[in-house]
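Engineer: Below is the structure, and that's it, no one-letter string:
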């Protein structure tokens, strides 16, 4: 799977998951959701965690980065099978895509693609 960090526009269907997404000016229709999960931020890399384990680059433990808000950062990921084209002429393209929704700012990104 190739990794990306490309912003995408997503339309949700009747369910919570993505129904369509626009990537590089092309509309992809989601055929099925293969997996769905939630990831938290890498809390072990936060300033507070580095200070507790005694990491050399922990810096000042009383700075704004050690407030504990790192634990609240989540993103929701959807692994979907999607395609574009009608399929009637055999020219349909399809692939498996990982789409990420950030609860922090409400944005979507395409983070992986296997086509």
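Structural biologist: Arrived safely, thanks for sending. Everything numeric here is computed off the predicted structure, so don't read it as measured data.

Engineer: Tell me where the model's unsure across the protein.
Structural biologist: Low-confidence segments of the chain (pLDDT under 70): 56-72, 86-91.

Engineer: Could you state which residue of it sits nearest its centroid?
Structural biologist: Nearest to the centroid of the C-alpha atoms of the chain, with distances taken as CA atoms, centre = their mean, sits residue 100, at 1.9 Å.

Engineer: Secondary structure element holding that residue?
Structural biologist: For residue 100, the host element (DSSP states H and E) is strand 93-102.

Engineer: what pairs with that strand, and is each one parallel or antiparallel?
Structural biologist: Paired neighbours of strand 93-102 in the sheet (DSSP bridges): strand 74-84 (antiparallel), strand 108-114 (antiparallel).

Engineer: Now it: buried residues?
Structural biologist: By neighbour count on 16 or more other CB atoms under 10 Å, the buried set for strand 93-102 is 96-101. All C-beta spots, glycine's among them, are computed from the backbone N, C-alpha and C.
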